[in-house]
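*Asks:* fold the following, please.
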Amino acid sequence: MNPTTGAVYFNHGQESGPWGTKIRRLAQVAEAKGFAVESLDYSGIADPDLRVRKLLASTASQFSCLVLVGSSMGGYVATVASETLKPKGLFLMAPALSVPGYSVPSPIPYAEAVVVIHGWKDELIPVEHSIRFAQKHSAQLHVVDGDHRLMDHIPFIASIFDSFLDRINEASCAPRTK
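*Replies:* The predicted structure follows:
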């Protein structure tokens with residue numbers, strides 16, 4: 001990966017893997033926009049804070065135009081890591097925020113643009129957590145008629161992600177001309 005280009009780093013949830021269906025589809029969108037793509041493998045790492053350390057130890061900090069994407073526990077990982085990495089964008093799907101026992105109970109998103117997508121019928125993470133987070137941090141929020149996995153909404157999520165990356169490119173990642 002070339003550090004002068006933009007990069008999207010995907011962070012999967014506890015029960016999924018680095019190249020699940022959602023990540024594969026969103027990676028296609030990112031690559032079509034010219035972003036380098038990386039999806040870290042957190043398999044076997046149940047502790048969210050160890051996952052944060054793995055992300056911080058990755059090559060993500062080398063990119064001046066970084067976008068962090070997180071699903072479920074990966075949403076927590078991306079948000080906590082954003083304090084150090086200062087990404088241009090943070091894209092969260094059913095993020096595991098306000099979870100009892102996590103070391104940062106209410107992580108603050110340190111990104112220029114934040115989007116949250118959550119399902120009304122999420123059986124693991126109450127949608128109210130994302131509503132409060134989005135309201136507190138002025139994040140764009142999309143609530144869909146879906147469960148935690150959001151599998152029935154991948155085309156919609158890909159469309160939102162496409163528009164999100166356009167905004168990031170225009171505002172933060174476009175080459176500057178004199």
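*Asks:* every contact and neighbour count from this point should use C-alpha atoms.
*Replies:* OK.
*Asks:* list the buried residues in stretch 111-123.
*Replies:* Within stretch 111-123, the residues that count as buried by 16 or more other CA atoms under 10 Å are Ala111, Ala113, Val114, Val115, Val116, Ile117, His118, Gly119, Trp120, Lys121, Asp122.
*Asks:* which of those residues sits closest to Arg53?
*Replies:* If you rank the buried residues of stretch 111-123 by distance to Arg53 using CA to CA, Ala111 comes first, at 18.4 Å.
*Asks:* how close does Leu40 get to Asp122?
*Replies:* Noted for Leu40: a distance of 24 Å to Asp122, by CA to CA, to the nearest Å.
*Asks:* check Phe133 too.
*Replies:* Distance, Phe133 to Asp122, by CA to CA: 16 Å.
*Asks:* just the strands in the protein please.
*Replies:* For the chain, the strands defined by DSSP state E cover 6-11, 36-39, 65-71, 89-93, 113-119, 140-144.
*Asks:* pass me the low-pLDDT residue ranges in the chain, would you?
*Replies:* For the chain, the stretches with pLDDT under 70 are 1-5, 174-178.
*Asks:* quick check, central residue of it?
*Replies:* By CA atoms, centre = their mean, the chain has its centre lying nearest to Val69, at 2.0 Å.
*Asks:* that older thread, quick one: which of the strands of the chain is nearest Arg51?
*Replies:* strand 6-11 (8.8 Å).
*Asks:* and that closest one, what does it pack onto?
*Replies:* Strand 6-11 makes packing contacts with strand 36-39, strand 65-71, helix 73-85 when contacts are defined by 3 or more CA pairs under 8 Å, 6 or more residues apart in numbering; DSSP states H and E.
*Asks:* just the ones you listed: most buried one?
*Replies:* Burial of the helices and strands packed on strand 6-11 is given as mean neighbour count (mean count of other CA atoms under 10 Å); strand 65-71 ranks first at a mean of 27.
*Asks:* I would like the residues contacting that one, please.
*Replies:* Under the contact criterion CA atoms under 8 Å, 6 or more residues apart in numbering, strand 65-71 has outside partners 4-13, 60, 75-78, 82, 87-96, 172-173.
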